[in-house]
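1. Take this sequence and fold it.
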Amino acid sequence: PLINTINENIIRSINSNMFDIPTDCPQRDERLGWAADADVILTTSAFNSDVLTFYDKWLQSLVNAQSERGYLPSTAPVVRPIISSGWGDAITSVPLKLFLLYGDTNILRGYYPEMKAWVDFLALRTFNWFNTQSTYGDWQHYNDPTSRRTNSIAYFKHSVNNFCEAAYHLGEHNDYRKYKELGEHINEVFNTYQINEAGHTIDSSQTSCLYALAYSLVDSQTQRIVQQQLIDLIEKRDKHLSTGILGTALILDELVKMDSIELAYQLIQNRELPSWGYQIDNGATTIWEKWDGYSRETGMNPDPNNSLNHAALGSVGQWFYTHIAGIQATEPGFKQIRIKPVIGGGLTWASAQYRSIAGKIESHWKIHGDTFLLDVTIPVNTVANVYLPTEKAKSIMVDGEFIQDNDNLILDVKGYIGIPIGSDTYRFRCLRTK
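-> Next up, the predicted model:
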């Protein structure tokens, strides 16, 4: 019930902030198109509504505010002309996300010059490879700040990564090679100055670890050290997150990559500060700007930057679809699909559907003792790989019959067996071993 209530609150906040532009909040005398807020909530919004033309229209407002030098304001339409890393970087992130969701190369091609101009502007804002761009930082973190330097370097790398991926999809090979090299230089700086001798981020914040991991700022050896640092930092806070709007959008995905699935589920299901459950237990029917925006005992948090309807911390909603239900695209526009539910948190069932650009995708799973049941629908003109949480191939049944051809099984994911399928509706059954 808690996860469903969180999702309901997310949808209310999204729906009340999607009038003409993606606003931060609908109720106070601000109601601005803050770029980072629009960016982090995009994928969650897309799983609940068709947002392609809505965000395309907003991107027009963003690029209209771009200067000849390539810099961008924090809001679109421009009201706050302040330049901030993490906010201006939406110009590289939003078009790429839209392309991956909808498969429309016109989005990437249309905003490619502006993406490049922003990255080039950031390159000009460097001194000895230090990006010096100002930033709002990990907005509304819970007493766990990340330094300006770490934020700025990390988002410089994030935009370079995004631009390189766009160049790859568009066949811009020279740009891809050039900016891939730029990304390697950024990594050298980050590892020299933002990672200490022990291999830890010097900020020692949850978000600094997430930047290092999510934006590929460290090598594989340091990655393992930073992963453990992140777990230790979460453990020190009694298994609670401390991230703001930037870090929260990253934390659950990274924990799953580390196979820390139960910890990811605990962060969702916590009810003490800071958590979504705390907000709900204190009367929230929408997502708040601050983790502690209101308390039944003490009332409103006196911080003027406090809104009780702010969608950004609702970025967790995409994880409900991509990991709990397991609906993911392996090719842009969901031409190829992966169904791979992540089981944990004491859940015994989950059900979701997504009306993708390719058609309706459904994932409904249940656990009965040691038996795992999964019903999926894959739209026409697409293919999918369905991953079942078992290591016993002989236990797998498809539409009531045991599988006969083991040669086509996919065994590349620990604890799962994958089955390639075409478009149709299927029922899977297996002995659960994960």
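2. make it CA atoms for all contacts and neighbour counts henceforth
-> Fine.
3. For the spatially most central residue of the chain, which non-adjacent residue is spatially closest?
-> Closest residue to the average C-alpha location of the chain: A249 at 4.6 Å, with CA atoms, centre = their mean. Ranked by CA to CA, 6 or more residues apart in numbering and with sequence neighbours excluded, the top spatial neighbour of A249 is S315, at 5.4 Å.
4. quick one: L252 and W319 touch, right?
-> Yes: under the criterion of CA atoms under 8 Å, L252 makes contact with W319 at 7.3 Å.
5. Next, give phi and psi for the residue nearest to A249.
-> Main-chain torsions, S315, degrees, to the nearest 10: phi -60, psi -20.
6. what about it, distance to D203?
-> Remark: distance between S315 and D203 (CA to CA, to the nearest Å) = 24 Å.
7. quick one: low-confidence parts of the protein?
-> 127-132 (pLDDT under 70).
8. Can you name the element that comes right after the strand ranked longest in it?
-> Secondary structure of the chain read by DSSP state E shows that its longest strand is strand 371-388. Once the chain leaves strand 371-388, the next helix or strand it forms, by DSSP states H and E, is strand 397-398.
9. ok, back up a step: comparing L252 and W319, which shows the higher neighbour count?
-> Taking neighbours as other CA atoms under 10 Å, L252 and W319 compare with L252 leading, 23 against 19.
10. list the contacts for that one?
-> Residues near L252 by CA atoms under 8 Å, 6 or more residues apart in numbering: 264, 316, 319.
11. what ranges do the helices span in the stretch 101-250 of the chain?
-> Using DSSP state H, counting those that start in this stretch, the helices assigned to the stretch 101-250 of the chain run over residues 105-124, 148-170, 173-193, 206-214, 220-236, 245-257.
12. Figure out which of those is closest to P26.
-> Nearest to P26 among these is helix 245-257 (17.6 Å), distances taken as CA to CA.
13. so how far is the closest one from its chain's centroid?
-> 7 Å (CA atoms, centre = their mean, to the nearest Å).
14. Same check on stretch 217-224?
-> Centre-to-centre, stretch 217-224 and its host chain are 20 Å apart (CA atoms, centre = their mean).
15. follow-up on the earlier one: go ahead and confirm the residue nearest to the centre of the chain touches L42.
-> No: here A249 lies out of contact with L42, judged by CA under 8 Å, at a distance of 10.6 Å.
16. Mind listing the shared neighbours of the two?
-> Counting by CA under 8 Å, 6+ apart, the contacts common to A249 and L42 are S315.
17. who's in contact with the residue nearest to A249?
-> Per CA under 8 Å, 6+ apart, neighbours of S315: 40-44, 248-249.
18. got a winner among those residues for most neighbours?
-> Highest count within these by other CA under 10 Å belongs to V40, 26 neighbours.
19. Just to check, that one is in contact with T248?
-> No: between V40 and T248 there is no contact under CA under 8 Å: 9.0 Å.
20. residues contacting L255?
-> By CA under 8 Å, 6+ apart, the neighbours of L255 are 261, 263-264.
21. can you rerun that using 6 Å?
-> When contacts are counted by CA atoms under 6 Å, 6 or more residues apart in numbering, L255 touches A264.
22. Quick check: it vs G88, distance?
-> To G88, L255 is 27 Å away according to CA to CA.
23. One more: I6?
-> Distance from I6 to G88, by CA to CA: 29 Å.
24. between the two, who's got more neighbours?
-> Comparing I6 with G88 by other CA under 10 Å, the one with more neighbours is G88, at 31 against 23.
25. so which strand or helix has the more buried one?
-> G88 belongs to no helix or strand when assigned by DSSP H and E.
26. Quick check: phi and psi at A329.
-> Per degrees, to the nearest 10, the backbone of A329 is at phi -90, psi 130.
27. ok, it touching I337?
-> Yes: shown here, A329 and I337 form a contact pair, counting by CA atoms under 6 Å, at 4.6 Å.
28. Who has more neighbours out of these two?
-> Set A329 next to I337 and count neighbours by other CA under 10 Å: I337 wins out with 25 against 18.
29. Confirm for me that that one is in contact with G326.
-> No: look at I337 against G326 with CA under 6 Å: they stay out of range, at 9.9 Å.
30. on that earlier part again, could you dump the contacts of S315 into JSON lines and include distance to T105 and secondary structure?
-> Converted to JSON lines, the contacts of S315 look like this (distance: CA to CA, whole Å; DSSP: H, G, I helix; E, B strand; the rest coil):
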{"residue": "V40", "distance to T105": "21", "secondary structure": "helix"}
{"residue": "I41", "distance to T105": "21", "secondary structure": "coil"}
{"residue": "L42", "distance to T105": "18", "secondary structure": "helix"}
{"residue": "T43", "distance to T105": "18", "secondary structure": "helix"}
{"residue": "T44", "distance to T105": "21", "secondary structure": "helix"}
{"residue": "T248", "distance to T105": "29", "secondary structure": "helix"}
{"residue": "A249", "distance to T105": "25", "secondary structure": "helix"}
